[in-house]
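S.K.: 3D model of this:
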Amino acid sequence: MDSLQDWPEPVVRVQSLAESGLSVIPNRYIKPPSDQPSLQTSKNNQQGIPVIDLSSLMDDVAGCRATIQAVSAACREWGFFQVVNHGVSMELMERVKETWRTFFRQPMNVKQAYANSPKTYEGYGSRLGVEKGAILDWGDYYFLNLMPASVRSHERHWPSQPPSLRGITNEYEKEVAKLCQTLMKVLSISLGLDVDYMQNAFGGAGGAGECLRVNYYPKCPQPDLTLGLSAHSDPGGMTVLLADHRVGGLQVRKGDAWVTVQPLPGALVINIGDQIQVLSNSVFRSVEHRVLANSAYERISLALFYNPRSDLPLGPAKELVTPERPSLYRPMTFDEYRVYIRKNGPRGKTQVESLKAQ
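M.R.: Next up is the predicted model:
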């Protein structure tokens with residue numbers, strides 16, 4: 001882990017660049033032509049990613065079964081879906097988003113007190129990966145470890161301003177964790193596994209890992225040349241995204257095209273991460289996604305990552321391994337897995353593909 005002690009060069013805050021009034025972005029942020037959104041196939045799919053009403057889980061058997069089937073189909077075909085009637089109040093979602101927006105609007109010297117390092121990523125950051133001279137993304141972020149309690153971010157990593165930030169973040173985490181535990185049961189059932197299989201594989205209800213990345217994407221004068229976040233699949237288990245429904249930007253890869261996600265007011269966007277792809281023996285697929293830059297608006301989003309306990313080896317469920325479908329992945333702990341990400345930054349699906357059993 002020595003190579004992850006510090007950044008290879010001084011960190012520049014994207015927000016500072018955006019607020020400096022520049023009209024041309026620095027070369028460090030210009031993506032190769034093949035990755036520039038202006039030159040790639042994109043589409044506004046009228047259907048979009050599936051939208052699933054979770055209130056039906058409380059309905060009769062038929063309604064519950066239909067919801068489970070809808071989630072299963074979304075995980076197989078898209079790797080992404082939006083959920084409504086999910087149990088997290090809209091008022092809480094708006095409050096936590098605005099509280100974090102207040103943090104990012106503070107003076108730079110206040111935020112700099114929480115500058116992060118690649119050793120743990122906890123705190124205020126502006127890059128992923130430690131490759132010197134790498135092409136960077138047009139966005140800043142704040143990263144915190146929330147659960148289990150043994151790895152929770154230390155008090156020094158939590159912003160003291162605004163004063164309500166810590167309390168409301170914890171309140172939001174508890175509500176989203178309940179949603180994740182429900183979805184883990186739905187995924188287990190839809191794979192034909194015991195209802196608690198996935199949760200147990202992740203370390204049980206109290207053992208699963210939870211971390212939060214609050215993304216801040218400032219205005220960009222040349223959004224066609226860069227990305228707010230490069231294409232990647234999420235390394236963890238499941239991601240719950242609280243997006244800004246007024247300012248879109250998330251795109252999901254579907255075949256050879258990028259589909260723009262239109263977040264619904266009050267909805268949460270769910271996506272499958274690499275660990276569930278591994279555990280399901282590739283029945284469910286993590287999918288590449290990226291974030292566009294925007295010339296007219298800033299954008300904030302909160303991504304809560306629900307992950308396996310970091311020291312548990314995780315491989316395909318034995319019930320999903322057959323002579324016709326052998327085990328596709330070798331077991332690996334999440335600690336081992338994310339070192340790759342922290343060294344290399346977002347790189348499509350290269351990491352999960354490298355896990356495939358030889």
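
S.K.: okay, now the unreliable bits of this protein?
M.R.: Counting by pLDDT under 70, the low-confidence segments of the chain come to 1-4, 39-47, 340-358.

S.K.: can you tell me which helix in it is longest?
M.R.: Longest helix in the chain by number of residues, with DSSP state H as the criterion: helix 165-190.

S.K.: by contact count, what packs against that helix?
M.R.: Helix 165-190 makes packing contacts with helix 61-77, helix 90-104, strand 140-147, helix 197-201, strand 209-217, strand 238-242, strand 268-272, strand 299-307 when contacts are defined by 3 or more CB pairs under 8 Å, 6 or more residues apart in numbering; DSSP states H and E. The way it works is simple: take the backbone N, C-alpha and C, and place the C-beta from them, glycine included.

S.K.: wait, isn't I30 in contact with P223?
M.R.: No: with contacts defined as CB atoms under 8 Å, I30 does not count as touching P223, sitting 11.6 Å away.

S.K.: neighbour-wise, which of the two wins?
M.R.: When I30 and P223 are compared on other CB atoms under 10 Å, the one with more neighbours turns out to be P223, at 21 against 16.

S.K.: secondary structure element for the more buried one?
M.R.: Assigned by DSSP states H and E, P223 falls within no helix or strand.

S.K.: give me the number of residues near the nearest residue to it once chain neighbours are set aside?
M.R.: Spatial nearest neighbour of P223, chain neighbours left out: A293 (3.8 Å); criterion: CB to CB, 6 or more residues apart in numbering. Burial measure for A293: 27 neighbouring residues, criterion other CB under 10 Å.

S.K.: assess the claim that A293 and P221 are in contact.
M.R.: No: using CB under 8 Å, A293 makes no contact with P221, being 9.2 Å away.

S.K.: need the contact list for the residue nearest to P223.
M.R.: Residues counted as contacts of A293 (CB atoms under 8 Å, 6 or more residues apart in numbering) are 138, 217, 220, 222-223, 226-228, 249.

S.K.: ok, now A73?
M.R.: For A73, the set of contacting residues under the criterion of CB under 8 Å, 6+ apart consists of P50.

S.K.: ok, back up a step: distance to M108 for the contacts of A293 - can I get that in TSV?
M.R.: Shown next, in TSV, are these (distance: CB to CB, whole Å):
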residue	distance to M108
W138	17
Y217	17
C220	18
Q222	22
P223	23
T226	21
L227	23
G228	19
G249	23
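
S.K.: for those, which one is nearest K185?
M.R.: Checking those against K185 by CB to CB gives G249 as the nearest, at 31.1 Å.

S.K.: measure that closest one to R76 for me?
M.R.: To R76, G249 is 26 Å away according to CB to CB, to the nearest Å.

S.K.: so which bits of the longest helix of the chain are buried?
M.R.: Residues of helix 165-190 classed as buried: 165, 168-169, 171-173, 175-177, 179-181, 183-190 (neighbour count, 16 or more other CB atoms under 10 Å).

S.K.: the more surrounded of G249 and R76?
M.R.: G249 (24 against 14).

S.K.: so who does P308 touch?
M.R.: 201-203, 208-209, 236-237, 275, 314, 333-334.

S.K.: try 10 Å
M.R.: Applying CB atoms under 10 Å, 6 or more residues apart in numbering, we find P308 in contact with 198, 201-203, 207-209, 236-237, 273, 275-276, 278-279, 314, 333-335, 337.

S.K.: quick one, which of these are buried?
M.R.: Among the contacts of P308, those classed as buried by neighbour count (16+ other CB under 10 Å) are 198, 201-203, 207-209, 236-237, 273, 275-276, 278-279, 314, 334, 337.

S.K.: so P263 is in contact with V252, correct?
M.R.: No: with the criterion set as CB atoms under 10 Å, P263 and V252 do not qualify as a contacting pair; they are 11.9 Å apart.

S.K.: list residues touching both of the two?
M.R.: Residues touching both P263 and V252 (CB under 10 Å, 6+ apart) are 48-49, 269.

S.K.: top of those residues by number of neighbours, please.
M.R.: Neighbour counts for the shared contacts of P263 and V252 peak at I49, which has 25 neighbours (criterion: other CB under 10 Å).

S.K.: shared neighbours of I30 and P223, which are they?
M.R.: Residues touching both I30 and P223 (CB under 10 Å, 6+ apart): Q36.

S.K.: which parts of stretch 257-275 are buried?
M.R.: Of the residues in stretch 257-275, those buried by neighbour count under the rule 16+ other CB under 10 Å are 258-263, 266-275.

S.K.: ok, R156 to E122 distance?
M.R.: Shown here: R156 relative to E122, a distance of 9 Å by CB to CB.

S.K.: next, give phi and psi for G139.
M.R.: phi -170, psi 150 (degrees, to the nearest 10).

S.K.: that one and Y29, how far apart?
M.R.: Taken as CB to CB, the spacing of G139 relative to Y29 amounts to 10 Å.

S.K.: of those two, which one has the most company?
M.R.: Just comparing G139 and Y29: by other CB under 10 Å the higher neighbour count belongs to G139, 27 against 20.

S.K.: right, and that one touches P223 too?
M.R.: No: shown here, G139 and P223 do not form a contact pair, counting by CB under 10 Å, at 11.8 Å.

S.K.: quickly list what's touching both of the two.
M.R.: Contact criterion CB under 10 Å, 6+ apart; residues bridging G139 and P223 by contacting each: 217, 249, 293.

S.K.: which of the residues you listed sits closest to S126?
M.R.: Distance to S126 across these (CB to CB) is lowest for Y217, with 11.5 Å.
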